[in-house]
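> Need a 3D model of the sequence below.
(chains A and B)
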2 protein chains.
Amino acid sequence: MPAARDNVVVVGRKSVSDYVLSAILLFNEGKDEIIIKGRGENISKAVDVYNALKARLEDSLELVSVRIDSERVGPRLVSFIEIKVRRVL
Amino acid sequence: MPAARDNVVVVGRKSVSDYVLSAILLFNEGKDEIIIKGRGENISKAVDVYNALKARLEDSLELVSVRIDSERVGPRLVSFIEIKVRRVL
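Sure thing, here's the model as predicted:
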């Protein structure tokens, strides 16, 4: 398992707006790139967070990459998405 | 709105296995590349379909690109994912 990364917003049960705020706070702390991660059922919400963040930041948000794969969570193999975004001027 | 594309598997309420089968049938019809598309809540299932197809086809499946964005469906703006995959020898 990789070390926890301090530029990742892990999407769970909170609202889309909460995660948009978390992402903006990470950018304001000086992170250039952040990753929006969702597993299983939260993959859809992770894409919602990306779209809401894009609507908020418009051209100052750049989509760097989208990774999809699966990983073990306990005994189960769970799908995930990692959406990497960059804040530009 | 773009013309309907004949190489798209639109993921809805059916089971993951059903969409995996649809994808394999498209490949067997001779399509080189297909797109697995999911909107809203079905985005998560679209990634499940990709992972199940990958598990089935292993190295003969290549991930070409992942597109995320939103589109109007009636009055609502809905997130979507388009996962483009290619069958290789």
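
> what mean pLDDT does stretch A:18-38 have?
The pLDDT scores in stretch A:18-38 average 97.

> touching chain B at all, the helix or strand A:Y19 falls within?
A:Y19 belongs to helix A:16-28 when assigned by DSSP states H and E. No: applying Cβ under 8 Å from any Cβ of the partner chain, one finds helix A:16-28 separated from chain B by no less than 9.8 Å. No exception for glycine: its C-beta is placed from N, CA and C like everyone else's.

> how about the CA coordinates for that helix, as CSV?
What follows is helix A:16-28 as a C-alpha-only set of coordinates in CSV (Å, rounded to 0.1, in the frame of the first residue of the first chain):
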residue,chain,number,x,y,z
VAL,A,16,-20.0,17.4,-3.2
SER,A,17,-19.6,21.0,-1.9
ASP,A,18,-17.6,19.7,1.1
TYR,A,19,-15.0,18.0,-1.2
VAL,A,20,-14.9,21.0,-3.5
LEU,A,21,-14.0,23.1,-0.5
SER,A,22,-11.3,20.6,0.6
ALA,A,23,-9.8,20.8,-2.9
ILE,A,24,-9.7,24.6,-2.9
LEU,A,25,-8.1,24.6,0.6
LEU,A,26,-5.4,22.3,-0.7
PHE,A,27,-4.7,24.6,-3.6
ASN,A,28,-4.6,27.6,-1.2
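
> give me phi/psi at the one residue sitting closest to the centre of chain A?
Centroid-nearest residue in chain A: A:I36, 0.6 Å away (criterion: Cα atoms, centre = their mean). Here is the backbone geometry of A:I36 (degrees, to the nearest 10): phi -100, psi 120.

> who are the neighbours in contact with it?
Counting by Cβ atoms under 8 Å, 6 or more residues apart in numbering or on different chains, A:I36 makes contact with A:8-9, A:11, A:19, A:23, A:46, A:49-50, A:53, A:82-83, A:85.

> Kindly indicate which of these lies nearest A:V64.
Closest to A:V64 out of those is A:V85 (6.1 Å), distances taken as Cβ to Cβ.

> doesn't A:S60 make contact with that closest one?
No: in this structure, A:V85 is not within contact of A:S60 by Cβ atoms under 8 Å, at 10.4 Å.

> Who has more neighbours out of those two?
Between A:V85 and A:S60, A:V85 has the larger neighbour count (other Cβ atoms under 10 Å in any protein chain shown), namely 24 against 12.
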